[in-house]
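[1] make a model of this:
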Amino acid sequence: MTQSRIYDELNTIFRDVLDDDTIVLLPETTAADLPGWDSQTHIMLIVAAETHFGIHFRTAELDRLHNVADFVDLIEARCAKNQGAAG
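    Predicted coordinates:
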């Protein structure tokens, strides 16, 4: 899965969870940039991404996320790993 596609799909997830159709995620986007992205919403975003992409994250992986680019990189790696395991 390409990073461009991941960004497109994450935009949809973030817009749905945060109920804001104007969200456009950038690599440097952080929780401080989006009103309503608090700790509870963060968990909802993680669960929504796991469900959408059919992947699961480890807590240690999530602790290393500092911005959306880190999240996209993690999703990309997880999706690639799942494809390799399925193939």
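[2] what comes up buried for the longest helix anywhere in the chain?
    For the chain, the longest helix by residue count, based on DSSP state H, is helix 68-86. Using 16 or more other CB atoms under 10 Å as the test for burial, helix 68-86 gives Val68, Ala69, Phe71, Val72, Leu74, Ile75, Glu76, Arg78, Cys79. Heads up, the C-betas are built off the backbone N, CA and C, glycines and all.
[3] what about the residue lying closest to the first one once chain neighbours are set aside, distance to Arg58?
    Counting by CB to CB, 6 or more residues apart in numbering, Val68 lies nearest to Thr29, which is 4.3 Å off, once chain neighbours are set aside. Relative to Arg58, Thr29 is positioned 22 Å away (CB to CB, to the nearest Å).
[4] and those two? which has more neighbours close in?
    Taking other CB atoms under 10 Å, Thr29 and Arg58 do not tie; Thr29 has more neighbours (18 against 9).
[5] that one reaches Asp70, doesn't it?
    No. Contact criterion CB atoms under 8 Å: Thr29 and Asp70 do not qualify, at 10.5 Å.
[6] state the helix or strand in which the closest residue in space to Glu9 that isn't next to it in sequence lies.
    Nearest non-adjacent residue to Glu9, counting by CB to CB, 6+ apart: His52, 6.4 Å away. Using DSSP states H and E, His52 sits within helix 39-53.
[7] pLDDT of that helix, averaged?
    When pLDDT is averaged over helix 39-53, the result is 96.
[8] send the alpha carbons of it over as PDB?
    Extracted C-alpha coordinates of helix 39-53, given in PDB (Å, rounded to 0.1, in the frame of the first residue of the first chain):
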ATOM      1  CA  SER A  39      -6.200  11.100  24.600                       C
ATOM      2  CA  GLN A  40      -9.600   9.500  24.300                       C
ATOM      3  CA  THR A  41      -9.900  10.500  20.600                       C
ATOM      4  CA  HIS A  42      -6.300   9.200  20.100                       C
ATOM      5  CA  ILE A  43      -7.400   5.700  21.200                       C
ATOM      6  CA  MET A  44     -10.500   5.900  18.900                       C
ATOM      7  CA  LEU A  45      -8.200   6.900  16.000                       C
ATOM      8  CA  ILE A  46      -5.800   4.000  16.600                       C
ATOM      9  CA  VAL A  47      -8.700   1.500  16.900                       C
ATOM     10  CA  ALA A  48     -10.300   2.900  13.700                       C
ATOM     11  CA  ALA A  49      -7.000   2.600  11.800                       C
ATOM     12  CA  GLU A  50      -6.400  -1.000  13.100                       C
ATOM     13  CA  THR A  51      -9.900  -2.000  12.000                       C
ATOM     14  CA  HIS A  52      -9.700  -0.200   8.600                       C
ATOM     15  CA  PHE A  53      -6.300  -1.500   7.600                       C
END
